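Enquirer: build me a model from this:
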Amino acid sequence: MKENLTKLIKKVCTKEVMFYVIFGVFTTVINLGVFYVLTDLLKWNDNLSNVIAIVTAVLFAYFTNKDLVFHSEAKTLKAKWKEFVKFISGRAFTMVIEWGGGALLFLTPMPQMISKLIVTVVVVILNFFISKFFAFKKSKK
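Expert: The predicted model follows:
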């Protein structure tokens, strides 16, 4: 049992996963920080603030994921563009999930930031799999 758990931890805790977690935390902090500034300090609408926070976080995530986590192999402008479109498409999909989940949870008596955090954690996990197996998929050599 202990050996199986050790093998599972070694398999899951790769350098790629650890970097993704670190930059995922930074992305989440940016997302929550922008949301906080727009809603609490500037008193903007929750849903508009949520969209702006998500877009800001996605742009940060693209550059960190491309270069520091998944080490993009794209060399040509066409390949880089294709990768960017795939990344943005994946994030657009999870943005809809995040926006919809936020909109639903904002209707509950739960504090806004707790609602936002719950949805954000789900989205970060989905984004890892989308980035690894769709946007920055390694070529088979």
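
Enquirer: what sits against the spatially most central residue of the chain?
Expert: Nearest to the geometric centre of the chain sits residue 124, at 4.0 Å (C-alpha atoms, centre = their mean). Remark: with contacts taken as C-beta atoms under 8 Å, 6 or more residues apart in numbering, residue 124 is in contact with 24, 27, 28. Placement of C-beta: from N, CA and C, glycine included.

Enquirer: list the buried residues in the helix or strand hosting it.
Expert: Following DSSP states H and E, the helix or strand that holds residue 124 is helix 112-130. For helix 112-130, the neighbour count (16 or more other C-beta atoms under 10 Å) marks 112, 115, 116, 119, 120, 123, 124, 126, 127, 128, 130 as buried.

Enquirer: thinking again about what came up before, which of the contacts of residue 124 sits closest to residue 138?
Expert: Distances from residue 138 to these, taken as C-beta to C-beta, are shortest for residue 24 (19.9 Å).

Enquirer: got a list of what that closest one touches?
Expert: 61, 124, 127, 128.

Enquirer: same deal with residue 139?
Expert: Contacts of residue 139 by C-beta under 8 Å, 6+ apart are residue 73.

Enquirer: tell me the SS of it?
Expert: coil (DSSP: H, G, I helix; E, B strand; the rest coil).

Enquirer: where does this protein dip in pLDDT?
Expert: Along the chain, the model assigns pLDDT under 70 to residues 140-141.

Enquirer: how near is residue 19 to residue 128?
Expert: 11 Å (C-beta to C-beta, to the nearest Å).

Enquirer: sorry, back to before: for the helix holding residue 124, output the C-alpha coordinates as PDB.
Expert: Extracted C-alpha coordinates of helix 112-130, given in PDB (Å, rounded to 0.1, in the frame of the first residue of the first chain):
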ATOM      1  CA  GLN A 112     -18.400  36.400  -3.300                       C
ATOM      2  CA  MET A 113     -14.800  35.600  -2.800                       C
ATOM      3  CA  ILE A 114     -15.600  32.100  -1.500                       C
ATOM      4  CA  SER A 115     -17.800  31.500  -4.600                       C
ATOM      5  CA  LYS A 116     -15.100  32.800  -6.800                       C
ATOM      6  CA  LEU A 117     -12.400  30.700  -5.200                       C
ATOM      7  CA  ILE A 118     -14.400  27.500  -5.600                       C
ATOM      8  CA  VAL A 119     -15.100  28.000  -9.300                       C
ATOM      9  CA  THR A 120     -11.400  29.100  -9.800                       C
ATOM     10  CA  VAL A 121     -10.000  25.800  -8.300                       C
ATOM     11  CA  VAL A 122     -12.200  23.700 -10.600                       C
ATOM     12  CA  VAL A 123     -11.100  25.800 -13.600                       C
ATOM     13  CA  VAL A 124      -7.400  25.500 -12.800                       C
ATOM     14  CA  ILE A 125      -7.600  21.700 -12.800                       C
ATOM     15  CA  LEU A 126      -9.500  21.600 -16.100                       C
ATOM     16  CA  ASN A 127      -7.000  24.100 -17.600                       C
ATOM     17  CA  PHE A 128      -4.100  21.800 -16.800                       C
ATOM     18  CA  PHE A 129      -5.500  18.900 -18.800                       C
ATOM     19  CA  ILE A 130      -6.500  21.200 -21.700                       C
END
